[in-house]
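1. With the sequence up front, the predicted model follows.
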Amino acid sequence: MQIVLFVSSFDAVRPGWLLNFLKGISAARIREMQQNLSKYSRHFLYSSPAQPLGPKDLVWRMMAGKVVNIKLHSQRSQCVVQASFSLHM
């Protein structure tokens, strides 16, 4: 099941390449991708408040995980600095 097209940036900037690539996609393939997108479009709709497992909710979950990792990294860095400082005294 596919809902997106991937192209390399190298190819995309070549004059005329992208237009020829898109023209080469059959109408049946476009319809298939549109049908796939309609099945999963709810996952791409932002709503307020955030719906569970919606895009906004997933972004907040990812950010929360990163904050935890940043805090852990900061704490570990401080422990290393404090330990090395105490060794030199």
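-> Good, I have the coordinates.
2. Let me know the helix or strand that the residue sitting nearest the centre point of the chain is in.
-> Closest to where the C-alpha atoms of the chain average out (Cα atoms, centre = their mean) is Val59, at 8.7 Å. Per DSSP states H and E: Val59 is located in helix 55-87.
3. Using the record's domain definitions, break the protein down for me.
-> 1-44, 46-89 (automatic domain parsing).
4. Just send the ones you listed back as a markdown table, with mean pLDDT too.
-> Formatted as a markdown table, those follow (pLDDT from 0 to 100):
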| stretch | mean pLDDT |
| --- | --- |
| domain 1-44 | 89 |
| domain 46-89 | 72 |
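5. Around Ser38, count how many other residues there are.
-> By the measure other Cβ atoms under 10 Å, the count of residues near Ser38 is 10. C-beta coordinates here come from the backbone N, C-alpha and C atoms, glycine included.
6. which residues touch it?
-> By Cβ atoms under 8 Å, 6 or more residues apart in numbering, Ser38 lies in contact with nothing.
7. Any buried residues in the helix or strand hosting it, and which?
-> Per DSSP H and E, Ser38 falls inside helix 27-40. Neighbour-count burial for helix 27-40, counted by 16 or more other Cβ atoms under 10 Å, picks out Met33.
8. quick one on the thing from earlier: what's the distance between the residue nearest to the centre of the chain and Lys66?
-> As judged by Cβ to Cβ, to the nearest Å, Val59 and Lys66 stand 11 Å apart.
9. Then Ile30?
-> 37 Å.
10. what does Ser8 give?
-> 28 Å.
11. Then Phe21?
-> Applying Cβ to Cβ to Phe21 and Lys66 gives a distance of 35 Å.
12. again, but for Gln75
-> 15 Å.
13. Phe21 and Lys66: which has the busier surroundings?
-> More crowded of Phe21 and Lys66, by other Cβ under 10 Å: Phe21, with 14 against 10.
14. The more buried one: which element?
-> helix 17-23.
15. same for that helix, what does it pack against?
-> Contacts of helix 17-23 with other secondary structure elements, assessed using 3 or more Cβ pairs under 8 Å, 6 or more residues apart in numbering; DSSP states H and E, are made with helix 9-12.
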